[in-house]
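1. Predicted model follows, preceded by the sequence.
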Amino acid sequence: MYKRRTPIKNHIQEIRLVSQRSITALIVMVVLVLLLICRLAYLQLSKHTLYTTLSQKNSLDLIPIEPTRGLIYDRNGVLLAENIPVFSLDVTPYKVVNIPKALAEIAKIIPLTDTDIAQFQKQLKQHRHFDEIPLKMRLTEIEVAKFSENAYHFPGFVIKARLIRHYPFDANLSHVLGYVGRINVEDLDDIDTTNYSATNYIGKLGVEKFYEDELHGTVGYEQVENDASGEPVRVLNQIKPTPGKNLYLTIDSKLQLAAEKALDGQRGAIVVIQPSTGQVLAMVSQPSYDPNLFVAGISSQDFQALQNSPDRPLYNRTLRGLYPLASTVKPFIALEGLETGIATPDYTVFDPGWYQLKTSEHVFHDWQHHGHGTVNLTRAIISSCDTYFYDLASKLGIARIDSILTQFGFGEATGIDLEDELQGVVASPAWKKHAKGIPWYQGDTLISAIGQGYMQATPLQLAHGVATLANRGQRLTPFLLLGDQVPGSSFHKTVPTPLNKVELTDSNDWKIVINAMRGVIESPEGTGHRFGHPPYSVAAKTGTAQVYSFSKRHYEIDENNTGEKNLPEKLRDHSLIIAFAPVENPQIAIAVIVENSKLASSVARQVLDYYLLPEAPNNAMNAEILSKTIAPVKIAIAKIVDKYTEKKHVLG
Amino acid sequence: MFSVNTIKYRLKRREVGTQYRTIWQCIHIDLPLLLSILLLMGLGLFILYSASNRDMFVVEQQVMHIGLALLVMFFFAQIPPTTYQRWAPWIYLAGVSLLLAVLIMGHIGKGAQRWLNLGVIRLQPSEVMKLAIPMILAWHYHKIHLPLTAKSIILSAFIIFVPAILTAKQPDLGTAILLVVAGGTTVLLAGLSWWIISALAGMTALTAPLIWYVMHDYQRQRVLTFLNPERDPLGAGYHIIQSKIAIGSGGLFGKGWLNGTQSHLHFLPEHSTDFIFAACGEEFGFIGSLILIAVLMTVVIRGLYITINAQDTFSRLLAGSLTLTFFVSFFVNMGMVTGILPVVGIPLPLISYGGSSMVTLMASFGILMSIQTHRKLLTT
């Protein structure tokens, strides 16, 4: 049957239907809302810690702040190493639309080398796009001005002022101060990477390296909040960096310059020590190099030039130069002779110009062909009589010789506050067996007593030895750090470190040897005639280290030999001198070695004069040195003032 | 709009009348609904001030949106439901025509186009459809007899999917989904058989690959990213990861107003618009989120109350559909922000920054109020 739908709407049914569906919808909605609340509870309550960490990782960053490196002064407060502001051109990559194009544009204003660009491209890969990457360091004032004029053409490029290490004395003190350079992979093993997280430079050599910990200071931190693009928006917290300590060296920069000037461009080394304290007043190794080259990053070309120079400017002769002691060893041997009672002041030896051992046919020549005649100990030192010391050596034996040399600190590092010091050699039968593989001969003992053969010492050891002589046996470790100072705090002075004293049974023996050394200068027979006659008392001993020996003059030492004139310079003998002055109250002890030259004595004279006679007779030199110590400071100040005013001008 | 005299007159009528009419009913405002809406808007401004990084310009703009939306609501509340019923087919046809117009203009302009510039205001036809679809469906179901016949169901499907597809083509997936929701809820309330509902669900599952095929690439990305946000932590997954971090780092009580780092430091994308709930969760924590949900649910419950008390099928279906659409839009928004639903561009109603969706929403609340306050009270 066909059932027609009723035309009258069933209102009650419709109301019920919609209401039912509404209630169902309400139930579904409540269930959904509960589900949502569960999700919120999961995120906000049970996973809260995780998401808090993630949120902080998102936004918080610790930015390390580099501490200012400590300054280095000499004993009189002359600045030896400073931090000067330099201007660099930095690029923030994400602000630059087309980097290669921008680089090409900027090169029209500021010349860029291929190295600059290569370096920049390398850094570009290693940094985040919002980091500032240096494109060119050490802009000249003109370049800064040119850029500032056109800065609006170059979004993303900025001029940045940085502090960079600078050594106002250039090459004069490089072997003492060393230099800082960029931290490299090898350095990373030795340093606390956290403390160096903001630091780019580290001491590579010299005082800069030895006192790295003192000079560096402690890194500071800035806790910053970053936005999503990684740019810091505000500083939440700051721990200021602790600047490095300022160091005061024992070096007297004027004396250092005077010593360099005295050396007059010859290869050689000078070490000056204050005997009463062990403080090193001057330390010259010539030739030298400009440490500022290394700070900026030396070009391989410049480095090759330094590395391959026959004069070896990078080689620190004072610490690492090993020279035969030559006749400068004689005072020490003489002391042992006196101590053992073998060489009493009355004991004499006849010197016919040669010496021969009973057991051997070999003839040991004196430097003076015709000999010195009858010599006692004093004359033997004054005239540097080899035969006397051959005789003494044969009686003492090598063990006694080594004993006295070791007591004076030869054959071991002096312990100066610099790295890479060489120990030198105090030769013994055991040493020779080990090092050369051949037995010790009696002849080795004889030539050891005149400082030839295997004996080797550094100029620093020689200076230390003569300072000990000046102190009558009191040994003090030579050192360079006069004291340090935390900026704004009090000065902390280094206390000298005493070493084992050289003890003699009869302290009069010191007097005998020292008087003989005085005779080296004062006696007409003395070998120190090149020294001249100063107005103060000097005790000294000269020496000549053989570089090349003629077959005829085997083991022969010649203080006044004229036969060398035809020799090439590099084969000529080195001249040495050790000295201290004044004799009664020693203020200065010096060791000088001049390579392939006879001039050690006159060099030493100039240095001693400069130190002991401040007014005369080298007024000219004095003034020149004074200008050099003051001028760099003046120039540096002028530079800073210039830059400041120029910047102001540009801004204005 | 109302002179003092009119109000006095109405008050007088209230005194003499047999029924109790409040002053609010006289001006066709439903007070509980209005208060919950104003509370939401106030909270919204509060959250927006912080989420926009104290941008007073954004807040002032939003205040203007709110002002305009309140006026629209008031206006829509004054129109009696019978008028909506009469105009429903015409509104729907006009809306579809506008959608077509937008699509054609967008085609000419070669790009996404959602707006029709009418000089003074910019009209978004898809917003009109949010109201027009439930209206025409309610109108249709009012005319026929419930429950639904197969013919009506097919007709309804056309009514819903034609504008929805046009909107999805714009492309505006979020609004398209809301259009389907608006239509769908009307059909459901009209008593669509549970069998058909199940069958539709099954069909949807089967046609999923087809949907995948017609989707835009960026929409596919969103789906993939929803399934696994970590597959692209810096690209498409970034939104949802940062949003979860923002909410999760809020904890129980939140980081405090103006202290949200995720939103203030721009880690959280769209922190003033679609992802504002994450900013809220970060600064006000679990408690703050619960309060916001509670107020939103108050609006929903009031809407359902109006639905049940409505006097005819048209009003009931329209009111119910508008209420459920409101629920779905805030649920989908919160679901996507918390990572339980895929990222579709649906703002958090009444809270997110933006004018057009708020105006449409307030118009729908105006219609709800109209339905509630134009009831012919039966005399006893």
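-> Okay, I see it.

2. On the three-state scheme, residue A:416 is what?
-> coil (DSSP: H, G, I helix; E, B strand; the rest coil).

3. hang on, it packs against residue A:481?
-> No: between residue A:416 and residue A:481 there is no contact under Cβ atoms under 8 Å: 9.9 Å. Glycine gets a C-beta too; all of them are placed from N, C-alpha and C.

4. Counting neighbours, what do you get for residue A:357?
-> 16 (other Cβ atoms under 10 Å in any protein chain shown).

5. ok, the spatially closest residue to it that is not a sequence neighbour to residue A:262 distance?
-> Among residues not flanking residue A:357 along the chain, residue A:442 sits closest, at 5.6 Å (Cβ to Cβ, 6 or more residues apart in numbering or on different chains). The gap separating residue A:442 from residue A:262 is 41 Å, by Cβ to Cβ, to the nearest Å.

6. next one: residue A:256
-> 11 Å.

7. which residue does chain B bring closest to chain A?
-> residue B:248 (2.6 Å; Cβ to the nearest Cβ).

8. On the C-terminal side of the strand or helix carrying that residue, identify the next helix or strand.
-> Following DSSP states H and E, one finds residue B:248 within helix B:236-250. Scanning forward in sequence from helix B:236-250 by DSSP H and E, the next helix or strand is helix B:261-264.

9. what does that next one rub up against?
-> For helix B:261-264, the surrounding residues in contact (Cβ atoms under 8 Å, 6 or more residues apart in numbering or on different chains) are A:55-56, A:58-59, A:225, B:50-51, B:53, B:242, B:245-246, B:249, B:255, B:258, B:267-268, B:271, B:278-279, B:282-283.

10. What about residue 103, how many residues nearby?
-> This is for chain A. Neighbours of residue A:103 (other Cβ under 10 Å): 18.

11. I was after chain B.
-> Neighbours around residue B:103, by other Cβ under 10 Å: 16.

12. Would you mind giving the secondary structure of residue B:340?
-> Classification of residue B:340 by three-state DSSP places it in coil.

13. could you list every residue that touches it?
-> So, once contact is read as Cβ under 8 Å, 6+ apart, residue B:340 ends up touching A:35-36, A:39.

14. ok so residue A:244 is a helix residue?
-> No: under three-state DSSP, residue A:244 sits outside any helix and is assigned coil.

15. Look up the closest residue to it, ignoring the ones flanking it.
-> The shortest distance from residue A:244 to any non-neighbouring residue, by Cβ to Cβ, 6+ apart, is to residue A:70 (3.3 Å).

16. mind listing what the one you found touches?
-> By Cβ under 8 Å, 6+ apart, residue A:70 lies in contact with A:214-217, A:243-247, A:484, A:487.

17. Mind checking which of those residues are buried?
-> Buried members of those, counted by 16 or more other Cβ atoms under 10 Å in any protein chain shown: A:214-217, A:243-247, A:484.

18. which among the residues you listed gets closest to residue A:154?
-> residue A:243 (34.0 Å; Cβ to Cβ).

19. With adjacent residues omitted, what lies nearest to the closest one?
-> residue A:68 (4.2 Å).

20. and the one you found, how many neighbours?
-> By the criterion of other Cβ under 10 Å, residue A:68 has 16 neighbours.

21. Confirm that it sits in a strand.
-> No: in this structure, residue A:68 is coil, not part of a strand, as judged by three-state DSSP.

22. For it, give me its contacts.
-> By Cβ under 8 Å, 6+ apart, the contact list for residue A:68 reads A:83, A:163, A:217, A:241, A:243-244.
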